[in-house]
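In: Okay, predicted coordinates and the sequence, questions at the end:
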Amino acid sequence: MTIRLHRGGRWRAWLGRRLGGDAALGDRAWRRCLHGAGTAVLLYYLLPGRFFLFVSTETVLVAALGSVLALEALRLGAGLELPTIRPYERRRLASYAYYAIALTVAVLLFPRPIAVAVVLGTALVDPLIGELRPSARFAPLYPLVPVVVWAALAVTAFTLVGGWAPLPATAAALGGGALAVAAERPRMAMVDDDLVMTLVPALALTALLFLVPGFPGLGG
C-alpha cells in the first residue's frame, strides 16, 4: 500500500488562493518557503559543541542528513509519496535531498564565511532566479540581479563573519555570485542545481584562499 505524506495538495491550493492565484501558485510559494528554510542550517554555528545531550553538533547534523536520505530511499524504493516532487524527480534523487547534501557539506567542510555565503546564496537567490527567469516581465533582470543579490549576501558574510577587508570581499563576492548563477543554469539529468550552485562557488572561493596568500587581508 502506498503511503502518502501529503494531503493531495489541499494546503498548497489553500495557500495559492490566499495569494490570489491557484494551486500552482501555492505550490510554487511553498517550494520557495521550504528553500529559504535552508538558512536554518546556519544555526549549526550558534549551538554549543555538545548541545544535544552530549552528542556533538556535527553528529546531529550528519544524522539529520541521514534521515533525509533515508526518507528519499523510502520514496524511491518503497513508493512513499511526498509533496512537491516534480515529474522529473520521480526516478532520481529529489532536489530536497541534493539540497540537504549541499548544505551539510558546506557547513562541515568549508571555511565559515564561505559556507555562510553559499548557504545564503543558494537558499535565497535560487528561488529568486526561479521567479525571474520564466517571467516575461522580469526575465531581463536575469542574470544581473541574482548575481548582485548573491554578492551582497556574500559581502556581508565575508566582512562580518570572516573579517575580510571590503575590497577583496567585494571582488570575491562578485566572482562567487557569477559562478553560482552560471552553475545554476545548466539542467543535468542526475545532478541538481542546488548542489552545484552551492559547491561550485564554495570550491572556487576556498581555492582562492589557499592560492592567494593573505587574500582576505588585501586592502586593509
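Out: The structure has been received and is ready for your questions. All figures in this text were calculated on a predicted structure; none of them were measured in a lab.

In: need the helix or strand of the protein with the lowest average pLDDT.
Out: Using mean pLDDT, DSSP states H and E, the weakest-scoring helix or strand in the chain turns out to be helix 10-18, at a mean of 82.

In: Figure out how far that one is from the centre of its chain.
Out: 24 Å (Cα atoms, centre = their mean, to the nearest Å).

In: which non-adjacent residue is nearest residue 179?
Out: residue 201 (4.6 Å; Cβ to Cβ, 6 or more residues apart in numbering). For every residue, glycine as well, the C-beta is placed using N, CA and C.

In: Tell me where this structure has helices.
Out: 10-18, 23-36, 57-78, 95-109, 112-120, 126-132, 144-156, 166-184, 193-211 (DSSP state H).

In: on contacts alone, who are the packing partners of the longest one?
Out: If I follow you right, that is helix 57-78. Applying 3 or more Cβ pairs under 8 Å, 6 or more residues apart in numbering; DSSP states H and E, we find helix 57-78 packed against helix 95-109.

In: Could I get the CA-only coordinates of the helix it packs on as CSV?
Out: C-alpha atoms of helix 95-109 as CSV (Å, rounded to 0.1, in the frame of the first residue of the first chain):
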residue,chain,number,x,y,z
SER,A,95,16.1,18.2,-5.2
TYR,A,96,15.5,18.3,-1.4
ALA,A,97,18.0,15.5,-0.9
TYR,A,98,20.6,17.2,-3.1
TYR,A,99,19.9,20.4,-1.2
ALA,A,100,20.4,18.7,2.2
ILE,A,101,23.7,17.2,1.0
ALA,A,102,24.9,20.6,-0.3
LEU,A,103,24.0,22.4,2.9
THR,A,104,25.7,19.8,5.1
VAL,A,105,28.9,19.6,3.1
ALA,A,106,29.1,23.4,3.0
VAL,A,107,29.0,23.9,6.8
LEU,A,108,31.1,20.9,7.6
LEU,A,109,33.9,21.3,5.1
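
In: residue ranges with poor pLDDT in the protein?
Out: Counting by pLDDT under 70, the chain has low-confidence residues at 1-2, 4-5, 51-53, 217-220.

In: ok, residue 45 - contacts?
Out: Residues counted as contacts of residue 45 (Cβ atoms under 8 Å, 6 or more residues apart in numbering) are 107, 112, 116.

In: Residue 143 too?
Out: Contacts here follow Cβ under 8 Å, 6+ apart; on that basis residue 143 touches 129, 181-182, 185.

In: just residue 96 next, same as before
Out: Residue 96 is in contact with 34, 68, 72, 84, counting by Cβ under 8 Å, 6+ apart.

In: Against residue 57, how distant is it?
Out: 22 Å (Cβ to Cβ, to the nearest Å).
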